[in-house]
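Visitor: Okay, here's the prediction I keep looking at, along with the sequence it came from:
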Amino acid sequence: MKIVIADDEPSMLDRLRRSIKQLDDKYGEIEICGEAENGLRLVDIVESMPDIDLVISDVRMPIMDGLSALVYLKHIKPKLKMVMLSSESPATMRAASGDGEQAKADLTKKTEMLEKIAVRVRNRERAEGKINTILEGCEKLALDPHDMARHYGAQGFVRKPASPDKLAQIMDGLKSSAFIKVEI
């Protein structure tokens, strides 16, 4: 399996690298083909390597956040498997959305607005005075970034710090079509 990893914190990137190396015995050879410190570098690495099997990326990174990288990469490589990392749990990021028809209508409207941002991300456009990243859009629209990662095609979410046990759960879960969430 060929993997690219991304995190802007060198200590987290190192921990992720060491955790992945410990999985070789159980899952066969896992090759880390690239490491990125931001989403733009992640996109460049994946675009230059057509045979990448999995991307593990932090949500919050400079230059281009992990969600924007997810949206762009899934657009150009729909079958690429991606797992998002975050030090924040979905519960702390999730806005109170309420129940009922109005809440559903509000969510639909917000998701449509986020899709306009996603189009800019996919086209690598920047619009002056507008929101230009998926993470910023999630924050402004009070949408849970983890839910939006799932919406845009991520296969899973791992709460930092990465560990061999958490990554093993992800590797096992990648065999199914279910979204994998590891928050231990």
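Guide: On my side now, so go ahead. Everything numeric here is computed off the predicted structure, so don't read it as measured data.
Visitor: Contacts only, for Ile3.
Guide: Ile20, Ile30, Glu31, Ile32, Cys33, Ile52, Asp53, Leu54, Val55, Ile56 (CB atoms under 8 Å, 6 or more residues apart in numbering). All C-beta spots, glycine's among them, are computed from the backbone N, C-alpha and C.
Visitor: could you dump those residues to TSV with secondary structure?
Guide: Formatted as TSV, these follow (DSSP: H, G, I helix; E, B strand; the rest coil):
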residue	secondary structure
Ile20	helix
Ile30	coil
Glu31	strand
Ile32	strand
Cys33	strand
Ile52	coil
Asp53	coil
Leu54	strand
Val55	strand
Ile56	strand
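Visitor: Filter those residues down to the buried ones.
Guide: Buried subset of those (neighbour count, 16 or more other CB atoms under 10 Å): Ile20, Ile30, Cys33, Ile52, Leu54, Val55, Ile56.
Visitor: Is it possible to get a markdown table of these that adds distance to Ala118?
Guide: Below are those laid out as a markdown table (distance: CB to CB, whole Å):
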| residue | distance to Ala118 |
| --- | --- |
| Ile20 | 29 |
| Ile30 | 30 |
| Cys33 | 26 |
| Ile52 | 21 |
| Leu54 | 22 |
| Val55 | 17 |
| Ile56 | 21 |
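Visitor: Going by distance to Gly173, which of those residues wins?
Guide: Leu54 (11.8 Å; CB to CB).
Visitor: nearest spatial neighbour of Asp65, skipping sequence neighbours?
Guide: Leu135 (3.9 Å; CB to CB, 6 or more residues apart in numbering).
Visitor: which ones are touching that neighbour?
Guide: With the criterion set at CB under 8 Å, 6+ apart, Leu135 makes contact with Val59, Arg60, Asp65, Gly66, Leu67, Ser68, Pro145.
Visitor: end-to-end on stretch 86-106?
Guide: Using CA to CA, to the nearest Å, the end-to-end distance of stretch 86-106 comes to 26 Å.
Visitor: so where's this structure shaky on pLDDT?
Guide: Counting by pLDDT under 70, the chain has low-confidence residues at 89-100, 103, 184.
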